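Enquirer: take this sequence and fold it.
(2 chains)
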Amino acid sequence: MSDTHKAIEAVWKIESTRLIAGIARVTRDIGIAEELAQDALVAALERWPDEGIPEKPAAWLMTAAKRRAIDALRRGRMLELKHGEIARELEFQQQRLGEAMDQALDQVIDDDVLRLIFTACHPVLAVEGRVALTLRLACGLTTAEIARSFLVPEKTLGQRIFRAKKTLSEAHVPFETPRGDELRKRLESVLSVVYLIFNEGYTATSGDEWMRASLCEDALRLGRMLAEILPEESEVHGLLALMELQASRTAARRGPTGEAVLLSEQDRSLWDHAQIERGMAALQRAQQLGGGAHSYALQAAIAACHARAYTAAETDWERIVLLYDALLQISPSPIVALNRAVAVGMAHGPAAGLHALDALAAEQALANYHLLPSVRGDLLMKLGRYAEAREELQRALAMTDNVREHELLSRKLKQAMFID
Amino acid sequence: MPQYLVAIHHPDNFDPSTVTEETMRDIGALNKEMMAAGVRFFAGGLQPETKAKSLRAQPNGQVLITDGPYLEAKEHVGGFWILDVADQDEALAWGRKAVVACRTPVEVRPFFEMPPSK
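Expert: Numbers count the residues shown, from 1 in each chain, chains lettered A, B, ... in the order given. This next block holds a predicted model:
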């Protein structure tokens, strides 16, 4: 790719969100807005290599989009505009449309970007559609990039985005930011989309999955964006804190051959301490806003306990147990309960941990979850009950196909044989 | 995420009172835009280089402090951003905007990154 092309792509990446948001304010339809913005990008790709990148690229792109919009209006493609605020006479319509778009760029406000994100994460869409639209519209990723990130064919991803846009249009989803109680509910959907994107990246395992790993950065950026635009929403800061703190461990999470390194065994000097600071600041903000007991803030507070410990042995497990208790109160889940049992085992000894685990034995959701017998095996080992530990570890082995997990469990099993 | 320094350069003896309101407005708008895009890690403006003090180690182990900038130069760093961006191309795209908003030359330069996990 030529330098100019790379420069154009970079301009697109930083301008497209505001451009699409500004156009959508006029068209009230993010699908149409995105098409017009794409048309403008195509025009830029044709002209900028010869003419050079203009001094104000965003204004140039908006002008190009405006021309396309007026063309579309003339050809009757933008029907929704005709029964909108814009009057009936075509010429008058064209003039109004042009003026509205001229104004749109000067006044793209954070609210427009927010509307764009809320619309892309609308509950009327399937979750995968929300994720794809958000990456496309709010992060400036191309369809090809998103497809590579999610390991699906580009065509599939293109259809996914097409369907999502169609659904929004057919459901007449308004281009607006919800207010009051509705805002809270809809914000949950937005935050869960952001965290889902983050986790997709966080679970990427190897160097050739770098495209997936960069999803963490896209999610972090979305989180920072939202924290800027919605500074009073505690869970926005809570989620941002959680992501910053988790991402701070990235360099320590994989060993030389790509194998997972457990938190307790990570080289903590590899943690990104500047990022930990940012996570701590975001967590503090969430707590100051009174959101310390909400879900993301609690998870962030648990991550913060690990971040504060210079060595694994210094971890404040008692505090972690309390935080898990609080988390269970607001969002009871067997997985959270299992994590809590691990923390109890660390804080109050393996017998207490085992006791906490016993309460989960009947949990249907964990019936085939290898971490339940795996954790039991660990605790039994610590209690010196090796025969029982071996049984549990073997059960765990039979439950997982994951190669890395297999290695880890086999290693533990060997240990259990050796000691006995 | 990679971080880049975007530094703006002012001519020697630059007088801050000559900055027009329009420039101030453009810089303000750019800052807002950077924050809303989630890329602004840090921003700061520096006082004139005449306020600088320079420190040099002497052969006898003492540190000599003198008034003025370390380098005699026609231009000095007047302020800078530290941005979290995807790559150099994106840093340059923000740099372009900085050149236009600040009406000054701009230097874009990467920070060393954390050792990558392989």
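
Enquirer: flag the shaky bits of the stretch 151-300 of chain A, pLDDT-wise.
Expert: The stretch 151-300 of chain A contains residues with pLDDT under 70 at A:204-211.

Enquirer: who touches the residue in chain A that chain B sits nearest to in this structure?
Expert: Relative to chain B, the nearest point of chain A is residue A:224 (3.2 Å; Cβ to the nearest Cβ). C-beta here means a position set from N, CA and C on the backbone, and glycine is covered the same way. Contacts for residue A:224 (Cβ atoms under 8 Å, 6 or more residues apart in numbering or on different chains) come out as A:240, B:38-39, B:84.

Enquirer: how about the closest residue to chain A within chain B, secondary structure?
Expert: Scanning chain B for proximity to chain A using Cβ to the nearest Cβ identifies residue B:38 as nearest, at 3.2 Å. Put simply, residue B:38 is coil when judged by DSSP: H, G, I helix; E, B strand; the rest coil.

Enquirer: in what helix or strand does the spatially closest residue to it that is not a sequence neighbour lie?
Expert: Among residues not flanking residue B:38 along the chain, residue A:224 sits closest, at 3.2 Å (Cβ to Cβ, 6 or more residues apart in numbering or on different chains). Using DSSP states H and E, residue A:224 falls within helix A:210-229.

Enquirer: angle of the helix or strand just after that helix against helix A:210-229?
Expert: Sequence order places helix A:234-247 as the next helix or strand after helix A:210-229, per DSSP H and E. Orientation of helix A:234-247 against helix A:210-229 (axes from the mean of the first three to the mean of the last three Cα atoms, to 10 degrees) gives an angle of 150 degrees.

Enquirer: and helix A:234-247, how far from the chain's centre?
Expert: For helix A:234-247, the separation from the chain centroid amounts to 11 Å (computed by Cα atoms, centre = their mean, to the nearest Å).

Enquirer: what's it packed up against?
Expert: Judged by 3 or more Cβ pairs under 8 Å, 6 or more residues apart in numbering or on different chains; DSSP states H and E, the packing partners of helix A:234-247 are helix A:180-202, helix A:210-229, helix A:273-288, helix A:295-308.

Enquirer: list the buried residues in the very next helix or strand once past the last one.
Expert: The element immediately downstream of helix A:295-308 (helix or strand, assigned by DSSP H and E) is helix A:317-330. Using 16 or more other Cβ atoms under 10 Å in any protein chain shown as the test for burial, helix A:317-330 gives A:317, A:319-324, A:326-327.

Enquirer: the residue of chain B closest to chain A: what's it in contact with?
Expert: The neighbours of residue B:38, taking Cβ under 8 Å, 6+ apart as the test, are A:220-225, A:227-228, B:84.

Enquirer: what's the closest of the residues you listed to residue A:397?
Expert: Residue A:397 has its nearest neighbour among the contacts of residue B:38 in residue A:220, at 35.6 Å by Cβ to Cβ.

Enquirer: which helix runs longest in chain A?
Expert: Scanning chain A for the longest helix, with DSSP state H as the assignment, gives helix A:3-27.

Enquirer: what are the buried residues along it?
Expert: A:6-27.

Enquirer: that older thread, next one: the helix holding residue A:224 to chain centre, how far?
Expert: With Cα atoms, centre = their mean, you get 7 Å for helix A:210-229.

Enquirer: ok, stretch B:64-83 next?
Expert: 10 Å.

Enquirer: anything in it near chain A?
Expert: No. Stretch B:64-83 stays clear of chain A (Cβ under 8 Å from any Cβ of the partner chain), getting no nearer than 10.2 Å.

Enquirer: span of that stretch from start to end?
Expert: 34 Å (Cα to Cα, to the nearest Å).

Enquirer: ok, stretch A:264-279 next?
Expert: Terminal-residue distance, stretch A:264-279 (Cα to Cα): 20 Å.

Enquirer: is chain B contacted by it?
Expert: Yes. Residues of stretch A:264-279 are located near chain B by Cβ under 8 Å from any Cβ, namely A:270, A:272.

Enquirer: buried stuff in that stretch?
Expert: A:266, A:268, A:270-272, A:275-276, A:278-279.

Enquirer: just stretch A:303-316 next, same as before
Expert: Neighbour-count burial for stretch A:303-316, counted by 16+ other Cβ under 10 Å, picks out A:303-307, A:315-316.

Enquirer: pLDDT and distance to chain B for these - can I get that in TSV?
Expert: As requested, those are exported to TSV (pLDDT from 0 to 100; distance: Cβ to the nearest Cβ, whole Å):
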residue	pLDDT	distance to chain B
A:303	97	18
A:304	98	20
A:305	97	22
A:306	97	17
A:307	96	15
A:315	96	22
A:316	97	26
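
Enquirer: farthest-apart pair in the residues you listed, please.
Expert: Farthest pair in those (Cβ to Cβ) is A:303 and A:316. Separation: 12.4 Å.

Enquirer: now do the contacts for the nearest residue to residue A:331 once chain neighbours are set aside.
Expert: Residue nearest to residue A:331 in three dimensions, not counting chain neighbours: residue A:295, with 5.4 Å by Cβ to Cβ, 6+ apart. By Cβ under 8 Å, 6+ apart, residue A:295 lies in contact with A:235, A:238, A:327, A:330-331.

Enquirer: coming back round to it: by neighbours, which of the contacts of residue A:224 wins?
Expert: residue A:240 (30 neighbours; other Cβ atoms under 10 Å in any protein chain shown).

Enquirer: hmm, it is touching residue A:225, no?
Expert: No. If you go by Cβ atoms under 8 Å, residue A:240 and residue A:225 don't touch, sitting 9.7 Å apart.

Enquirer: give me the secondary structure label for the residue in chain B sticking out farthest from the centre.
Expert: Most distant from the centre of chain B: residue B:60, at 33.8 Å, with distances by Cα atoms, centre = their mean. Taking three-state DSSP as the rule, one finds residue B:60 in the coil state.

Enquirer: done for today, thanks.
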